[in-house]
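Trainee: Mind looking at a prediction? Sequence and model below.
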Amino acid sequence: MAKAANKQAVDSAALGDEGIALRALQQAHEADKRYAASDEELLKFYEQMVLIRRFEERAGQLYGLGLIGGFCHLYIGQEAVAVGMLSALESGKDSVITGYRDHGHMLAYGIDPKLIMAELTGREAGISRGKGGSMHMFSVEHKFYGGHGIVGAQVPLGAGLAFGHKYREDGGVCLAYFGDGAANQGQVYESFNMAALWKLPVIFVVENNGYAMGTAVKRGSAETHFFRRGTAFRIPGMDVNGMDVLEVRRATDIALEYVRAGNGPVLMELHTYRYRGHSMSDPAKYRSREEVQDMKDNSDPIEAAKVELIARGVSEDKLKDIDKAIRARIVEAADFAENSPEPAARELYTDVLVERY
């Protein structure tokens, strides 16, 4: 006990005032953990999370029927991360980039489920005209820059987007998402270094769902507290419960305020959980059914929001009506996708090179 106390004292003395600054955001988060959402706001968060859940469930069904090809990585269980963070952004100003578990992020942005489902099924009506599929969604209009299939590749691109915001002086911030598995990629730390050196307006977000592709965090990472990994680059970190949409939103507000003030990047670790395998082809035998069920029973972000809404006086019938309406939207989106035409042969030759900037 005494040795641990002495070590902490030595570490604090070594970091000095700079160490205090690096811990300031985490302390601010711990002092005020949850966003004070109005009933209307919480209901909106609930609707968005249910939309993502029902969409992904339907996508899983279509994949099983062979209507979605290639890889497909579902966001079921992680809804609070996308909804809580994207709700804090300024539309048309901030940008987002993520890995290949990307459908939920696009839905949280308010992009039409029909366009996303059509993209999943490789149809011309899709958001990328059916040529990106599940892993490469893209929308310049919404400043959503993918959807990337190479593990960790989006992180330096996110730093580049942040550099663009700073260069243009448009006040925008980039959210660059990556997973606990990608956190061990070397390019991530090169990006940290440049972002800190140039004080780029970027929030690096680790969606830590515990298993990367199929290896538990503690078996693949020497430092399992990912929010600490920016310390060597003087990047403050935040440790956040990614299963609570209001905690995610409040933490994001704190991080955005810091970054928008010109202080440089922030590293946020969002502890979340995926109920399905890494992809549709993953049987997830590396964890027990009991573990998954325990998370569903005790930590589900949608159920938690539902309980809070009911406690605030929102009727269960209203919540059932919301779920019913969303299910109808998803059925409509799936029908639209199934009945839309595939891209014409000429689309093989478009979007290959950028001819004009």
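Mentor: Right, received. Where do you want to start?
Trainee: Neighbours of Ser87, how many?
Mentor: 20 (other C-beta atoms under 10 Å). Every C-beta, even on glycine, is put in place using the N, C-alpha and C of the backbone.
Trainee: Next up, the contacts around it.
Mentor: Neighbour list for Ser87: 41, 44-45, 48, 108, 249 [criterion: C-beta atoms under 8 Å, 6 or more residues apart in numbering].
Trainee: ditto for Gly171
Mentor: Applying C-beta under 8 Å, 6+ apart, the residues near Gly171 are 93, 165, 260.
Trainee: Could you export those as CSV, including neighbour count and pLDDT?
Mentor: Below are these laid out as CSV (neighbours: other C-beta atoms under 10 Å; pLDDT from 0 to 100):
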residue, neighbour count, pLDDT
Lys93, 12, 95
His165, 21, 98
Arg260, 14, 98
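Trainee: The stretch 151-300 of the chain: strands as residue ranges?
Mentor: Assigned by DSSP state E, counting those that start in this stretch, the strands in the stretch 151-300 of the chain fall at 174-179, 202-208, 237-241, 266-271.
Trainee: of all the ones you listed, which lies closest to Ser281?
Mentor: Smallest distance to Ser281 across the strands of the stretch 151-300 of the chain (C-beta to C-beta): 17.2 Å, for strand 174-179.
Trainee: State the mean pLDDT of the closest one.
Mentor: On average, the pLDDT along strand 174-179 is 98.
Trainee: cool, stretch 223-237 as well?
Mentor: On average, stretch 223-237 scores 96.
Trainee: first vs last residue of that stretch, how far apart are they?
Mentor: 14 Å (C-alpha to C-alpha, to the nearest Å).
Trainee: how far out from the middle of the chain is that stretch?
Mentor: Distance of stretch 223-237 from the chain centroid (C-alpha atoms, centre = their mean, to the nearest Å) equals 19 Å.
Trainee: Next, the residues that contact it from outside, please.
Mentor: 18, 21-26, 180, 183, 189, 192-193, 195-196, 204, 206, 208, 217-218, 238-239, 258, 264-269.
Trainee: Just give me the least confident of the contacts of Ser87.
Mentor: Per-residue pLDDT puts Ala108 lowest of the contacts of Ser87, at 94.
Trainee: Buried by neighbour count, from the contacts of stretch 223-237: which ones?
Mentor: 22-23, 25-26, 180, 183, 189, 192-193, 195-196, 204, 206, 208, 217, 238-239, 258, 264-269 (16 or more other C-beta atoms under 10 Å).
Trainee: so where do the helices sit in the stretch 1-150 of the chain?
Mentor: 2-31, 39-64, 79-86, 103-108, 113-120 (DSSP state H, counting those that start in this stretch).
Trainee: any chance of the contacts of Gly171 in TSV, with distance to Pro341 too?
Mentor: TSV is the format used below for the contacts of Gly171 (distance: C-beta to C-beta, whole Å):
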residue	distance to Pro341
Lys93	35
His165	38
Arg260	44
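Trainee: tell me the contacts of the residue positioned nearest the centre of the chain?
Mentor: Centroid check for the chain by C-alpha atoms, centre = their mean gives Ala82 as the closest residue, at 4.5 Å. Shown in contact with Ala82 (C-beta under 8 Å, 6+ apart): 52, 75, 104-105, 107-108.
Trainee: now do 7 Å
Mentor: 52, 104-105, 108 (C-beta atoms under 7 Å, 6 or more residues apart in numbering).
Trainee: Ala162 touches Ile203, doesn't it?
Mentor: No. The criterion here is C-beta atoms under 7 Å, and Ala162 misses it with Ile203 at 8.9 Å.
Trainee: more neighbours, those two?
Mentor: Ala162 (30 against 25).
Trainee: And the contacts of Ala82, which is closest to Phe71?
Mentor: Gly104 (15.6 Å).
Trainee: Need the pLDDT of that closest one.
Mentor: 94.
Trainee: thinking again about what came up before, okay, the contacts of Ser87 in TSV with distance to Leu319 and neighbour count next?
Mentor: Shown next, in TSV, are these (distance: C-beta to C-beta, whole Å; neighbours: other C-beta atoms under 10 Å):
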residue	distance to Leu319	neighbour count
Glu41	15	14
Lys44	13	14
Phe45	13	26
Gln48	14	25
Ala108	19	24
Arg249	20	23
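Trainee: CSV for those residues, including distance to Gly132?
Mentor: CSV is the format used below for the contacts of Ser87 (distance: C-beta to C-beta, whole Å):
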residue, distance to Gly132
Glu41, 32
Lys44, 28
Phe45, 27
Gln48, 22
Ala108, 18
Arg249, 29
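Trainee: Quick check: the farthest pair among the residues you listed?
Mentor: Largest separation among the contacts of Ser87 by C-beta to C-beta: Glu41 and Ala108, giving 14.0 Å.
Trainee: where do the contact lists of those two overlap?
Mentor: Counting by C-beta under 7 Å, 6+ apart, nothing touches both Glu41 and Ala108.
Trainee: before we move on, back to that, out of the contacts of Gly171, who's nearest Asp317?
Mentor: Using C-beta to C-beta, these come closest to Asp317 at Lys93, 38.1 Å.
Trainee: Return the residue spatially closest to the closest one, with its sequence-adjacent residues excluded.
Mentor: Gly172 (4.7 Å; C-beta to C-beta, 6 or more residues apart in numbering).
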